[in-house]
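Asks: Requesting a structural model of the entry that follows:
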Amino acid sequence: MPAAYGQTTLPAVTVCAGPDWVKSNPTSDSVVYRCKRVCSAQDGSKCTYPTTDIIGNHLRTIAFVVDSMAGQMRWNSPSTIAAGVFHHSGLNGTSFASDAFGRDVRALWAAFGNEGVRIVEPAREGGVDALGWFARKSGTGTTLPALAVRPAALIQWTRANLVPSDAKLGTVGCSGGSIATFAPVFWHGLGPIVDY
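Replies: Residues are numbered from 1 along each chain as shown. The predicted structure is shown next:
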């Protein structure tokens, strides 16, 4: 169910049963995804699957659709969660951020995990022309605030399902990832759930 923060009601994150989507193209430069099968538990608890990062760490992963854009989101599993970090990759968000930055960054996140920090990373499907979270869902124009509901909904889902309310939640991103993590706070009122 969508939740409202400030003036914005965010779209729901639909957790898929697995990384299998139905893709359509309403126009030559737009794309719409939907889950081939929807998970029976929208908190993701029944539909996580294991993936491995570039240094061999095992991570829990879900497939999702939000505002017609598909992707996967993965996270580590510290024994206790002292804090959470939502790490969004740059450009179009089509890769897991720490893998894109290389083994050293991934090793740093693994060390933070040993300190109780849950690291959450989304990676979107390419869409049309590999636009990722910037892809339009119709032939009409759009705006950056309208597209920013996609990462905003993922941050909201992360807070609700992966980072306890008594733990701090921060966001990290560079370039397009900075837009993906700051725009939800600036335009969509996520300030109350993002601590840093």
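
Asks: For the rest of this, base every contact and every neighbour count on C-alpha atoms.
Replies: Will do.

Asks: So what's the residue count around the nearest residue to L147 once chain neighbours are set aside?
Replies: Using CA to CA, 6 or more residues apart in numbering and skipping the chain neighbours, the partner closest in space to L147 is F134 (6.4 Å). For F134, the neighbour count with other CA atoms under 10 Å is 24.

Asks: Check G173 too.
Replies: So G173, with other CA under 10 Å, has 19 neighbours.

Asks: now the host helix or strand of R34, how far from the centre of its chain.
Replies: For R34, the enclosing helix or strand under DSSP states H and E is strand 32-35. Centroid separation between strand 32-35 and its chain, computed with CA atoms, centre = their mean, to the nearest Å, is 15 Å.

Asks: Ok, stretch 56-66 next?
Replies: For stretch 56-66, the distance to the chain centre is 10 Å (CA atoms, centre = their mean).

Asks: same check, this time on stretch 129-140
Replies: Taking mean C-alpha positions (CA atoms, centre = their mean), stretch 129-140 and its chain are 16 Å apart.

Asks: Also stretch 135-151?
Replies: 16 Å.

Asks: In it, which residues are buried?
Replies: 135-137, 147-151 (16 or more other CA atoms under 10 Å).

Asks: farthest-separated two in the residues you listed?
Replies: K137 and P151 (15.4 Å; CA to CA).

Asks: Tell me which residues are up against stretch 23-37.
Replies: Residues outside stretch 23-37 that contact it (CA atoms under 8 Å, 6 or more residues apart in numbering) are 14-18, 20-22, 64-65, 68-70, 127-129, 135-139.
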